[in-house]
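Novice: sharing a model prediction with you, sequence too.
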Amino acid sequence: MLPCWDFDQPDDPYFRFRESARFWTQRILLPIVFVIGLIGNLVTVVVLTRRRMKSSTNTYLTALAVSDIVYLSVFFALSYSHYPDAHSEDSLIYWKIWPYLLWFNDASTGVSVWLTASFTLERYIAVCHPLRGRVFCTESRAQKVITCVVLFCAIVTVTTPLEWQILTVDRPENVTTGPDSCIIADSSELATNEFYKTFMYFFWNSVFIFIPLVILIVFNSFLIHTVHVSRKQRNGLTQAELGGGSMRQKQENKITMTLIGVVIFFLVCQLPAGITWIVKVFYDPPPNTSGHYLLLGFGNIFNFLVTVNAASNFILYCALSDKYRKTLIMTFFPCCVKPVDTNTTLTTYASFRHSTKYRVPSLKENGFKDKVQL
């Protein structure tokens, strides 16, 4: 169905479902989520790059926030195609860059998936194999992994713009009202090639769904078990037996639980879209049929869930990480920091650096006389 001219809409409940899903997700909810997510992820980047937050884990989370910013911005730009008059000749420039927006969308989605898998593996090594963690869980190694992930995802999705061709269609003879022409995006010859379609379906399902899913489920199970055992051991100790080692383990558990929460929320939001992609391998109904409308309707809803995931990680950090909340307050609301007469040090175990201890900066630097108890 051409989007520029008014045709009789099919009397199909699945068509109405698709239109309703598209309206509410793309035109009502998405702008709200975009603004919240953009602000939240920008705040996260600022907080996680503070000196006191430096760690290999936070290096991954900073990269994830940047990837989420790219995804949210691109997805919001793509939503314009569902607005009235988006297919008019006035929007020709938009449609020229539209295939490349799809490329950035696919690449940033892949980056988010593999960054989540990467910090899950890193956390597993740090918690379950701490001696190896001193070698592998470093900021410099995390930066190298992030670079490799970004390059890999950009390269394997580089054919996305080639799957589309932008066409200008003249007004049909049986239509007397509306614009003289309409700009549409149609599948290219490459996209309709059966070998290419089959290869890309299975490649995407394997590399961006199945393999990361196995990594996340398996290694998060190990992490959850390790945290559970650690808490049972701590509960069995007396107050006198609780020492520095126990406090260090408690801090490790907090970091691990934060990342487990991020991964679980990631799976809840990403799995439906992944399942829909797999379903399309075996069930790809012709255009303008009930099955086609149904898949598009659910696709809009599930893609919106991915957007919610990209916009909401900072909420999880605030809810689960005391250190994130305190750093956020110290960064953006220094007047709210209450000075106390305590001289202390803060120890971080999120990554194994040359020295894991560093002094909390004097509050003279923040306009106070004493130091703050974090």
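Specialist: Looks like it came in fine.

Novice: hmm, who's touching stretch 86-103?
Specialist: Stretch 86-103 has contacts (CB atoms under 8 Å, 6 or more residues apart in numbering) with 3-4, 74, 77-78, 80-81, 85, 157-158, 160-164, 166, 168, 179, 181-185. For every residue, glycine as well, the C-beta is placed using N, CA and C.

Novice: roughly how far apart are the most centrally placed residue in the chain and residue 11?
Specialist: By CA atoms, centre = their mean, the mean C-alpha position of the chain lies nearest to residue 310, the distance being 3.8 Å. Separation of residue 310 from residue 11 (CB to CB, to the nearest Å) stands at 37 Å.

Novice: got it, and residue 187?
Specialist: Between residue 187 and residue 11 the computed distance is 27 Å (CB to CB).

Novice: more crowded one of these two?
Specialist: Legend: neighbour count by other CB atoms under 10 Å for residue 187 and residue 11, higher for residue 187 (12 against 7).

Novice: strands of the protein, start to end?
Specialist: Remark: strands assigned in the chain by DSSP state E are 164-170, 181-187, 345-347, 357-359.

Novice: could I get the ones you listed as a markdown table with mean pLDDT and distance to residue 59?
Specialist: A markdown table is the format used below for those (pLDDT from 0 to 100; distance: least, CB to CB, whole Å):
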| stretch | mean pLDDT | distance to residue 59 |
| --- | --- | --- |
| strand 164-170 | 91 | 35 |
| strand 181-187 | 89 | 37 |
| strand 345-347 | 36 | 18 |
| strand 357-359 | 40 | 17 |
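
Novice: buried deepest among those strands, which one?
Specialist: strand 181-187 (a mean of 16; mean count of other CB atoms under 10 Å).

Novice: contact partners of it?
Specialist: 2-5, 81, 87-89, 91-92, 95, 98-99, 163-171.

Novice: can you do 7 Å?
Specialist: 2-4, 87, 89, 91-92, 95, 98, 163-171 (CB atoms under 7 Å, 6 or more residues apart in numbering).

Novice: so who does the residue nearest to the residue nearest to the centre of the chain when sequence neighbours are not counted touch?
Specialist: Excluding its sequence neighbours, the residue lying closest to residue 310 (CB to CB, 6 or more residues apart in numbering) is residue 68, at 3.9 Å. Residue 68 makes contact with 37, 41, 112, 310, 313 under the criterion CB under 7 Å, 6+ apart.

Novice: report the two of the residues you listed separated the most.
Specialist: The two members of the contacts of residue 68 with the most space between them (CB to CB) are 37 and 112, at 12.4 Å.

Novice: overlap in contacts, those two.
Specialist: 68, 310.

Novice: could you list the low-pLDDT ranges of the stretch 251-374 of the chain?
Specialist: Residues of the stretch 251-374 of the chain meeting the criterion pLDDT under 70: 339-374.

Novice: now the helices for it?
Specialist: Using DSSP state H, counting those that start in this stretch, the helices of the stretch 251-374 of the chain run over residues 290-320, 322-332.

Novice: what's the shortest one packed up against?
Specialist: Think helix 322-332. Packing partners of helix 322-332 (3 or more CB pairs under 7 Å, 6 or more residues apart in numbering; DSSP states H and E): helix 30-48, helix 290-320.

Novice: same question for the first one.
Specialist: Helix 290-320 sits against helix 13-22, helix 30-48, helix 56-78, helix 244-282, helix 322-332, with contacts defined as 3+ CB pairs under 7 Å, 6+ apart.

Novice: relative to residue 68, how far out is residue 42?
Specialist: 10 Å.

Novice: now do the shared contacts for the two.
Specialist: Counting by CB under 7 Å, 6+ apart, residue 42 and residue 68 have no contacts in common.

Novice: okay, the helices and strands packed on helix 322-332 in CSV with distance to residue 122 next?
Specialist: As requested, the helices and strands packed on helix 322-332 are exported to CSV (distance: least, CB to CB, whole Å):
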stretch, distance to residue 122
helix 30-48, 15
helix 290-320, 17
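
Novice: out of the ones you listed, nearest to residue 60?
Specialist: Of all the helices and strands packed on helix 322-332, helix 30-48 comes closest under CB to CB, at 9.6 Å.
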